[in-house]
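Novice: I would like to see how this sequence folds:
(2 chains)
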Amino acid sequence: VFMPIQKDPEGTETMHLLGLTGIANKNVLEIGCGDGRLTWRYASSASRVAAIDPEGVTLQTAIQALPSGLRGVASFACASSLSLPFPPATFDTAILAWSL
Amino acid sequence: MVHALEEIKRSLGPNGTLIDLRPLADRWPVEVTTVEAVHETGRLTDLPAGLSDDEAANSAMEETARLGWFIRQEEHIFQMYIYWDDPQEMSTYMSERWADFVKLETETLQATQLAWEETNEEKHVRIQMKMLLTRWRK
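Specialist: All right, here's what the predicted structure looks like:
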C-alpha cells in the first residue's frame, strides 16, 4: 500500500552521515538498505556501494528505483548480515542503516 | 547481533569503518507545522520492545569493543523529521508499521487533529525522531 510519507526531506541524516564518515571514493557496504532511500543520498560520493537487505520485496523497489546515474556504482543483493556474500576485507566502510 | 557484527568485521579491510545509524526511542514529539509555526501536539509512547531493541543494540556494540573488534571514534545525536500529509495517514502508518515499538495515544491523535483543523495555512504533520550516528574503527 502506497503511503505518502517523506523521511528527512531536510537532508539532516545525509549531512551527518557524509560529515562523519568520509564516504568519498570508498567501497561501501550498506546493511539494511530497504527501498534505497538512504542509498541514493550518499552513493554518488562513494566509489562503489553494495547494498543488502533480507526483505526481497523492498529490495525490488530499490532495484527498480535505481537512478540511472548510479548504475555501475550501486548494486543490490538479498542477503542477511549473518552471512555476508562477500570475501574478507572487501569494503572500506560498512553502514548499519537502521538495522542493528 | 554480535555474530552479524563479526561478519561485518570480516568483510571490512584493515582500519575499516563501521557506521551505526539508527533511531533511538525517546518519546518522539508529534508536531503540526506551518510556514510560520511549529505546534507540538504530544509525544509518542515508547513500547517495551522498542526500548529493548535499543538496549540490545547498545550492548552488542559494547561487546564488540570489549572483544577488540571495533574502537568507538565519534558519536553524534541529532534530530530528523518524518512527514505525512495528514494526521490520519500518520496514524495509519504507525499502526501498520511501527505498532511493535511506539504507540500514538488517542489523546495525542485527537490533539493533532484539532491543531490540524484549526489552521487553514499550508501545513504538515511530522514526528521529530532522535537519531544516533556512531563511527567505529576496525
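
Novice: only C-alpha atoms for contact and neighbour calcs from this point on.
Specialist: Noted.

Novice: hang on, A:L100 is in a strand, isn't it?
Specialist: No. The assignment for A:L100, made by DSSP: H, G, I helix; E, B strand; the rest coil, is coil rather than a strand.

Novice: What about the nearest residue to it once chain neighbours are set aside, how many residues nearby?
Specialist: Leaving aside its sequence neighbours, A:L100 sits nearest to B:A57 (Cα to Cα, 6 or more residues apart in numbering or on different chains; 5.7 Å). Using other Cα atoms under 10 Å in any protein chain shown, B:A57 has 17 other residues around it.

Novice: Show me which residues of chain A sit near chain B.
Specialist: Within reach of chain B by Cα under 8 Å from any Cα of the partner chain, chain A has these residues: A:3-10, A:12-13, A:16-17, A:20-21, A:81-84, A:86-100.

Novice: Now with 6 Å, please.
Specialist: Residues of chain A lying close to chain B (Cα under 6 Å from any Cα of the partner chain) are A:5-8, A:81-82, A:88-98, A:100.

Novice: Could you report the neighbour count for B:N120?
Specialist: What B:N120 shows, counting by other Cα under 10 Å, is a neighbour count of 8.

Novice: average model confidence for stretch A:54-68?
Specialist: Stretch A:54-68 shows a mean pLDDT of 90.

Novice: Which stretches in chain A count as strands?
Specialist: A:5-7, A:27-31, A:48-53, A:74-78, A:91-97 (DSSP state E).

Novice: Make CSV out of the ones you listed and add mean neighbour count.
Specialist: Putting the strands of chain A into CSV (neighbours: other Cα atoms under 10 Å in any protein chain shown) gives the following:
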stretch, mean neighbour count
strand A:5-7, 15
strand A:27-31, 23
strand A:48-53, 23
strand A:74-78, 18
strand A:91-97, 24
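
Novice: which residues are contacting the host helix or strand of B:G42?
Specialist: With secondary structure defined by DSSP states H and E, B:G42 is part of strand B:38-43. Strand B:38-43 is contacted by residues B:R27, B:W28, B:P29, B:V30, B:E31, B:V32, B:T108, B:A111, B:T112 when judged by Cα atoms under 6 Å, 6 or more residues apart in numbering or on different chains.

Novice: Is the fourth one located within a helix, as I assumed?
Specialist: No. When three-state DSSP is applied, B:V30 is found to be strand, with no helix at that position.

Novice: Look at it and report its pLDDT.
Specialist: 98.

Novice: got the contact list for it?
Specialist: B:V30 makes contact with B:E40, B:T41, B:G42, B:R43, B:R126, B:I127 under the criterion Cα under 6 Å, 6+ apart.

Novice: beta partners of it?
Specialist: B:G42, B:I127 (DSSP bridges).

Novice: how about low-confidence regions in chain A?
Specialist: A:1-3 (pLDDT under 70).

Novice: Which residue ranges of it form helices?
Specialist: With DSSP state H as the criterion, chain A has helices at A:12-21, A:39-42, A:56-64.
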